[in-house]
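Enquirer: 3D, please:
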Amino acid sequence: WTPASISSLVAWYDFNTGAYEDAGTDAAENTDPLYRLTPASQPTLYAEQATLENRPIYSIGANNKRSATFDGTDDYMSVAYDASLDFGTGDFFIIALAARTSTGTTRYIVSKQKTAASYNGFGLGVSGALKPYFECFDGSGVTSQSGATTLTSGQYYRIGAGRTGTTGKILLNNSEDASAATYTGSVSQTVAMEIGRFHGGGNLFKGDLAQLLIFNAYPSSADLALLDTYLAAQVPT
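Expert: A predicted model of the protein is given here:
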């Protein structure tokens with residue numbers, strides 16, 4: 001079993017293999033697996049940073065599992081606009097295998113936002129209080145929530161969040177950590193998605209990211225359990 005067994009998977013960043021997989025394509029290895037996650041046949045989906053200092057470093061655990069380490073200052077990745085990452089008013093789910101090492105401010109693992117007025121888009125990260133953080137802005141107001149659990153610095157967690165119906169949920173290691181029934185409106189916008197910072201700059205993630213997966217539906221409880229088991233086995237140690 002792999003996450004690709006879930007039909008709603010639309011994007012999968014696997015820093016262990018250096019592969020990017022989107023609907024209708026096969027994962028492909030690259031000679032520079034961290035900085036060129038997209039095969040040459042998919043040039044519009046991933047943009048390598050032009051300068052070396054903006055790139056996260058590539059880390060390998062003693063068990064040979066790999067991750068991207070973001071320094072919290074200038075490291076991030078950009079994914080060019082793609083319609084598969086527009087969810088409209090529908091359900092969606094994002095999950096990261098990540099370990100934070102920052103304190104004091106909200107840090108974004110991923111963000112796809114149109115930064116105007118009340119914003120428009122989604123974000124997943126860690127709050128300034130060191131709790132899981134999720135937002136789903138629809139352009140008419142701010143809708144966000146933090147989880148209940150304080151995360152331990154340097155410890156890997158499976159941090160998931162998404163919208164099911166009009167309810168926003170945060171999952172931590174496949175246990176519900178927060179829920180709020182205020183998530184309405186469309187989250188579709190023709191902007192890039194950014195990994196490691198708030199869209200357009202600021203609030204940069206500090207820590208390690210091993211996996212990031214995005215679904216255009218909210219997975220079933222059975223699929224969530226399988227996904228959690230899979231991700232737990234990918235932790236670099």
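
Enquirer: need the helices for the chain, in chain order.
Expert: Ranges of helices within the chain are 221-232, based on DSSP state H.

Enquirer: any idea of the pLDDT on the residue of it most remote from its centre?
Expert: In the chain, the residue that sits farthest from the middle, by C-alpha atoms, centre = their mean, is A62; the gap is 24.4 Å. Confidence at A62, expressed as pLDDT, is 87.

Enquirer: with A23 instead?
Expert: Predicted confidence (pLDDT) for A23: 34.

Enquirer: tell me which helix or strand in the chain has the weakest average pLDDT.
Expert: Sorted by mean pLDDT, DSSP states H and E, the helices and strands of the chain end with strand 19-22, the least confident at a mean of 44.

Enquirer: mind listing the residues bridging to A161?
Expert: I94, I170 (DSSP bridges).

Enquirer: residue contacts, R163?
Expert: Taking C-beta atoms under 8 Å, 6 or more residues apart in numbering, we find R163 in contact with 87, 90-93, 136, 169, 183, 218. Quick note: C-beta positions are derived from backbone N, CA and C, even for glycine.

Enquirer: spatially nearest residue to it (excluding sequence neighbours)?
Expert: Leaving out its chain neighbours, the residue that sits closest to R163 by C-beta to C-beta, 6 or more residues apart in numbering is Y183, at 4.7 Å.

Enquirer: what residues are up against that neighbour?
Expert: Taking C-beta under 8 Å, 6+ apart as the test, what Y183 contacts is 136, 143, 163, 166-168.

Enquirer: likewise for N203?
Expert: For N203, the contact set (C-beta under 8 Å, 6+ apart) comprises 105-108, 125, 197.

Enquirer: what score does V142 have for pLDDT?
Expert: Confidence score, pLDDT, at V142: 62.
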